[in-house]
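> Sequence first, predicted model second:
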2 protein chains.
Amino acid sequence: MKYPKTLEQLIECFKLLPGIGEKNAERLSFALLNLEEDTLDIFSNSIKNIKKNIKKCVVCNNLTEDNDKCFICLDSNRNKEILCVVENTKNLILFEKAGVFNGYYHVLEGLISPIDGINPEDIKINQLINRIKNEKIKEVILALNPSIEGETTSLYILKMLEGLDVSVTKIAAGIPVGADMEYLDPITIAKAMEGRNKIS
Amino acid sequence: MKYPKTLEQLIECFKLLPGIGEKNAERLSFALLNLEEDTLDIFSNSIKNIKKNIKKCVVCNNLTEDNDKCFICLDSNRNKEILCVVENTKNLILFEKAGVFNGYYHVLEGLISPIDGINPEDIKINQLINRIKNEKIKEVILALNPSIEGETTSLYILKMLEGLDVSVTKIAAGIPVGADMEYLDPITIAKAMEGRNKIS
């Protein structure tokens, strides 16, 4: 009472992905049966090559494919004095899509989390400190998740930068645009209140 | 402000699958970056071969891989006189997993749905009628979804079988086991009432 071998194998593969259970894996696998051969070849090759083709930018740890440096580090028209510190490439792209930042980035590849055994030396903090010293950075923007791990990491970086001639800022916490305040947690409400701005 | 090429391509491929939007496609693609090379090869090959390796059983249209007949049609120990009519292979496997049926199946590959342009000749009804005649079937169990399309298809098959010496049954509609009746729709409640069984 099983599906054919290749189909079973495909279902098992889908189940390795986050949030994909048995039913969903079946649904996705059957959907693949309805795609064109050409599309399946592209899909198959992308998966085969994803790890081979993609590497980390030697400067900032962003993901890159054809060059040793990512498209941001290759762009010489950006502001060399501001460095935005993010947890991962996904968050970097979020800021790029928002289109409000014209400096360079540093991807930490994680956040400090002693409970998960992730210590400062397990993420790219030393590399960050060295960049700040060597590249004569004037402003470091800490753009990490407003979680315990994010706050811990921000505090640690702040401490490491003590005594250096660099301004450190942190992105604002507050009410997200379009949110219904009724559904927000008290900590967010408190942060929004603390971070209030004078408007007249 | 884009991901590397191979990653973008993979995200686009995931977005072709049902229920997978931009954010989810990104999440799944990043998850693949954390899998082992060997696993990626298996995943990649399953996708590449899914259409090439899998064909339809020449008897019942169930999916099969190594043989022209599926594992059920190859099993000679089942009851040859009962045929269970299902919409697709997924539903066939549901009944096999329930383990209460020992006859053979016929997979219709769809349901009649004039609104979607699916007419009786577009699904495997003629093949079903021929099987019922040639294989001397005594009971046909209609095990289709209790939707308008399922009911239409059941009625059509019933009509096609008029005059043949075959008993036609339909699986029971009613309250699903474990369900909270409060959340069920009135039609299900009505079906359960209509289909009530004498217990003493």
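Perfect, thanks for sending it.

> what helices or strands is the lowest-mean-pLDDT helix or strand in chain A leaning on?
Lowest on mean pLDDT, DSSP states H and E among the helices and strands of chain A sits helix A:186-194, with a mean of 85. Packing contacts for helix A:186-194, counted by 3 or more C-beta pairs under 8 Å, 6 or more residues apart in numbering or on different chains; DSSP states H and E, involve no helix or strand. C-beta coordinates here come from the backbone N, C-alpha and C atoms, glycine included.

> in it, what's buried?
A:188, A:191-192 (16 or more other C-beta atoms under 10 Å in any protein chain shown).

> Please apply the same query to stretch A:149-160.
For stretch A:149-160, the neighbour count (16+ other C-beta under 10 Å) marks A:149-154, A:156-157 as buried.

> Only alpha carbons, please: show it as PDB.
The C-alpha trace of stretch A:149-160 is given here as PDB (Å, rounded to 0.1, in the frame of the first residue of the first chain):
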ATOM      1  CA  GLU A 149      19.200  36.500  20.900                       C
ATOM      2  CA  GLY A 150      19.200  39.600  18.800                       C
ATOM      3  CA  GLU A 151      19.400  41.900  21.900                       C
ATOM      4  CA  THR A 152      22.300  39.700  23.400                       C
ATOM      5  CA  THR A 153      24.200  39.900  20.100                       C
ATOM      6  CA  SER A 154      23.700  43.700  19.800                       C
ATOM      7  CA  LEU A 155      24.900  44.200  23.400                       C
ATOM      8  CA  TYR A 156      27.900  42.000  22.800                       C
ATOM      9  CA  ILE A 157      28.900  43.900  19.600                       C
ATOM     10  CA  LEU A 158      28.300  47.200  21.400                       C
ATOM     11  CA  LYS A 159      30.700  46.100  24.200                       C
ATOM     12  CA  MET A 160      33.300  45.000  21.600                       C
END
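
> what sits up against that stretch?
A:85, A:87, A:108, A:111-113, A:120, A:123, A:125, A:128-129, A:140, A:142, A:144, A:168, A:170 (C-beta atoms under 8 Å, 6 or more residues apart in numbering or on different chains).

> Strands of chain A, start to end?
Applying DSSP state E to chain A gives strands spanning A:55-56, A:63-64, A:82-86, A:104-107, A:139-142, A:167-170.

> how far is the second one from where the chain is centred?
Just to be clear, that refers to strand A:63-64. Put simply, strand A:63-64 sits 12 Å off its chain's centre (C-alpha atoms, centre = their mean, to the nearest Å).

> That strand: partners in the sheet, and parallel or antiparallel?
strand A:55-56 (antiparallel) (DSSP bridges).

> hmm, back to that, closest one of the contacts of stretch A:149-160 to B:Asp38?
For those, the residue nearest B:Asp38 by C-beta to C-beta is A:Ile123; the value is 27.1 Å.

> The closest one: what's it in contact with?
Neighbours of A:Ile123 in contact, by C-beta under 8 Å, 6+ apart: A:108-112, A:153.

> Buried subset of those as a PyMOL selection?
Burial among the contacts of A:Ile123 is assessed by 16+ other C-beta under 10 Å; the matching PyMOL selection reads:
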select buried, chain A and resi 108+110+111+112+153
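
> Reformat the contacts of A:Ile123 as TSV; add pLDDT and distance to B:Glu36.
Compiled in TSV, the contacts of A:Ile123 are given as follows (pLDDT from 0 to 100; distance: C-beta to C-beta, whole Å):
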residue	pLDDT	distance to B:Glu36
A:Leu108	97	24
A:Glu109	95	19
A:Gly110	95	20
A:Leu111	96	24
A:Ile112	97	27
A:Thr153	96	28
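
> before we move on, back to that, just the strands of chain A: most buried one?
A comparison of the strands of chain A by mean neighbour count, using mean count of other C-beta atoms under 10 Å in any protein chain shown, puts strand A:104-107 on top with a mean of 25.

> So A:Arg78 versus chain B, what's the distance?
For A:Arg78, the distance to chain B equals 12 Å [C-beta to the nearest C-beta, to the nearest Å].

> go on, A:Leu158?
Taking C-beta to the nearest C-beta, one finds A:Leu158 at 28 Å from chain B.

> per-residue pLDDT, that residue?
Note on A:Leu158: pLDDT of 95.

> Go ahead and confirm A:Ser29 touches A:Gln9.
No: taking C-beta atoms under 8 Å as the definition, A:Ser29 is not a contact partner of A:Gln9, at 9.2 Å.

> OK, contacts around the closest residue to A:Lys55 other than its chain neighbours?
Nearest-residue entry for A:Lys55: A:Thr64, 6.1 Å, with adjacent residues in sequence omitted and distances by C-beta to C-beta, 6 or more residues apart in numbering or on different chains. By C-beta under 8 Å, 6+ apart, the contact list for A:Thr64 reads A:54-57, A:70-71, B:4.

> Centroid-nearest residue for chain A?
Taking C-alpha atoms, centre = their mean, the centroid of chain A lies closest to A:Asn88, which sits 2.6 Å from it.
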